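**Q** Give the three-dimensional model of this entry:
(one chain, ligands or ions: 1)
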Amino acid sequence: MYEEDTIAAIATPPGEGGIAIIRISGAGAENIATKIFARAQGKNGKLTSHRLYHGEIHEPKSNGMVDEVLLTIMRKPRSYTGEDVVEIHCHGGAFITRKILGLALSQGARQADPGEFTKRAFLNGKMDLSQAEAVLDLIRARTDKATELALTQAGGELSKWVHALREELIDIMVQVEAAIDFPEEEIELLKRQDVIRNIGDLRGEIAGILNTYEWGRLFREGARVCICGRPNVGKSSLLNALLGQERVIVTSVPGTTRDVIEEAINLDGLPVVLWDTAGLRETDDHVEQMGVNLSRQHVEKADALVVVIDGSTRLTQDDEALLRNVEIKKVLIAVNKNDLPQALSLDDISRCRDSNAIASVSAKSGAGISDLKKKVRELMIGTKTEPAIVLTNLRHRNALLRGETALRRAETTLGEGYAAEFVGVDLNEARDALGEILGTVTNEDILERIFNNFCIGK
Ligand code: GDP
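**A** This is a model prediction of the structure:
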């Protein structure tokens, strides 16, 4: 599955920039570099690894100059991929970068696939699979917190924990194996209880980390929060107030927002995508009805809702219907227009919905907006402090769930007094599930799925 050829790609984003980097990795990297690169002032001799050299890129045939560049060679194994890597820092024009990449390809390199540099780093043991995935998270991180989580994983924190669990599991498997190999000394009752307890402890540790997934997912992918309510309660004004800018046109004519407006905000490190939707109400207007339907779809997709109520009027039937009917776990009620005399009491709301997540705000004056932000954040991730290890990746979660289920089966089987060989399969499955996270147990499909998400050049 590992190809020995030399790959090349433009590692910087397309478009114009001060500089751009072309990356070459593989056994032929140095040879290609020497054919197209000449050091400044005619200096020659073998290049030292991990040094930056000033010089020029030339067309090998015509010897015409292409660009003035800085070039570095990082000889294996001290490189990102674990192979010989050459990086050429050239001027950041689309034509020049493609030209230099073309020269590298003409000298025997192959255009790299998406994520192929990182895939090679994984295959060469420079990082395990969960660390490679963290590299992608790092590239995509949108807030400080998401960056921090990705860096921790890239640094191997999750891997260390999975390794340790796997070791514990292997110890248990050795005890069970012994009972299978020497059936005449079948694990006596006491020992059996020990094994069951050890498996239970291990399962408990996995369950603990599984509980952090929702937390991690929200930080990594962002929370989707839908602002909803009947027309004219101030949804668009609230979106503007949360963004701190006039993003949406506000009118006093009900039913004017028809598309869903999407904007991103950062709530103390938690990335949140806000959706401002058309007012939810019964209507005969065909176009407005389409807007209402679109709103309902977004209500369903959202992780949480901010239901906006106009505090200066009594609850209408549309308000009541919304408060009673939103069947989503997380709802924050924003009682808006608190700058006006209030006609609404908390009792009116609690008659429709039992909720203590309520914020009194004025989208117009800005009063209560920072409290609302705090409450949305709390609604999403609670007030608990951050766990030491946070699960952010669905693939890891699925593997741990499989491991947890297999361990539970093993516990039950042993608890019911079955012979040791009956749990071997389950324990093996749990071990493989842990191995999948690290990439010690893997197949080409999994690798392809992971690395295809990367950009070319990473
Ligand atoms: P939407 O239809 O729910 O999106 O409501 P808009 O944001 O378009 O606001 C409807 C009307 O309510 C507009 O005339 C706003 O100026 C007004 N409005 C919105 N928020 C407030 C508020 O906090 N206080 C007051 N006094 N008026 C508001």
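**Q** From now on I want contacts and neighbour counts done on CA atoms only, so please keep to that.
**A** Fine.
**Q** what's the following helix or strand after the helix or strand harbouring Ile227?
**A** Per DSSP states H and E: Ile227 is located in strand 223-228. Once the chain leaves strand 223-228, the next helix or strand it forms, by DSSP H and E, is helix 235-243.
**Q** List the buried residues for that next one?
**A** Across helix 235-243, burial judged by 16 or more other Cα atoms under 10 Å covers 235-242.
**Q** what does stretch 155-166 give?
**A** Neighbour-count burial for stretch 155-166 [16+ other Cα under 10 Å]: 155-159, 162-163, 165-166.
**Q** For those residues, could you give me TSV that also reports secondary structure and pLDDT?
**A** Formatted as TSV, the buried residues of stretch 155-166 follow (DSSP: H, G, I helix; E, B strand; the rest coil; pLDDT from 0 to 100):
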residue	secondary structure	pLDDT
Gly155	coil	88
Gly156	coil	89
Glu157	helix	89
Leu158	helix	90
Ser159	helix	91
Val162	helix	94
His163	helix	92
Leu165	helix	94
Arg166	helix	93
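**Q** I'd like to know which of those residues is nearest to Leu315.
**A** Leu158 (49.5 Å; Cα to Cα).
**Q** residues touching that closest one, list them.
**A** With contact set as Cα atoms under 8 Å, 6 or more residues apart in numbering, Leu158 has these partners: 130, 152, 389-390.
**Q** do Gly115 as well
**A** 451-458.
**Q** 7 Å instead, please
**A** By Cα atoms under 7 Å, 6 or more residues apart in numbering, Gly115 lies in contact with 451-452, 454-458.
**Q** Leaving out sequence neighbours, find the closest residue to the residue nearest the centre of the chain.
**A** The geometric centre of the chain, computed from its C-alpha atoms, lies nearest to Arg220 (Cα atoms, centre = their mean), at 3.9 Å. Leaving aside its chain neighbours, Arg220 sits nearest to Ala146 (5.4 Å; criterion: Cα to Cα, 6 or more residues apart in numbering).
**Q** hey, where'd the strands end up in the stretch 151-300 of the chain?
**A** Applying DSSP state E, counting those that start in this stretch to the stretch 151-300 of the chain gives strands spanning 223-228, 261-267, 270-276.
**Q** Pick the most buried one from those strands.
**A** Stretch with highest mean neighbour count among the strands of the stretch 151-300 of the chain: strand 223-228 (a mean of 26; mean count of other Cα atoms under 10 Å).
**Q** helices and strands around it, which ones?
**A** The contact analysis (3 or more Cα pairs under 7 Å, 6 or more residues apart in numbering; DSSP states H and E) places strand 223-228 against strand 270-276, strand 304-310.
**Q** so it versus strand 270-276, what angle?
**A** Using axes from the mean of the first three to the mean of the last three Cα atoms, to 10 degrees, one finds that strand 223-228 and strand 270-276 are set 30 degrees apart in direction.
**Q** Start at 223, not 1
**A** Shifting the count to begin at 223 puts that one at strand 445-450.
**Q** by how many degrees do strand 445-450 and strand 483-489 diverge?
**A** 130 degrees.
**Q** do strand 445-450 and the ligand meet at all?
**A** No - using Cα under 6 Å from any ligand atom, we find that strand 445-450 stays clear of the ligand, coming within 7.8 Å at best.
**Q** Name the strands paired with that strand and say parallel or antiparallel.
**A** Within its sheet, strand 445-450 is paired with strand 492-498 (parallel), strand 526-532 (parallel), according to DSSP bridges.
**Q** isn't Gly277 right up against Val288?
**A** No - using Cα atoms under 7 Å, Gly277 is not in contact with Val288; the gap is 10.9 Å.
**Q** On the three-state scheme, Ala242 is what?
**A** strand (DSSP: H, G, I helix; E, B strand; the rest coil).
**Q** per-domain residue ranges of this structure.
**A** 229-349, 355-434+613-661, 443-603 (automatic domain parsing).
**Q** tell me the SS of Ala589?
**A** Assignment for Ala589 (three-state DSSP): coil.
**Q** For it, give its distance to Asn650.
**A** 58 Å (Cα to Cα, to the nearest Å).
**Q** can you redo the strands paired with strand 445-450 as TSV with mean pLDDT and distance to Val396?
**A** Below are the strands paired with strand 445-450 laid out as TSV (pLDDT from 0 to 100; distance: least, Cα to Cα, whole Å):
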stretch	mean pLDDT	distance to Val396
strand 492-498	90	44
strand 526-532	93	47
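**Q** now those in a markdown table, with distance to the ligand?
**A** Shown next, in a markdown table, are the strands paired with strand 445-450 (distance: least, Cα to the nearest ligand atom, whole Å):
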| stretch | distance to the ligand |
| --- | --- |
| strand 492-498 | 8 |
| strand 526-532 | 8 |
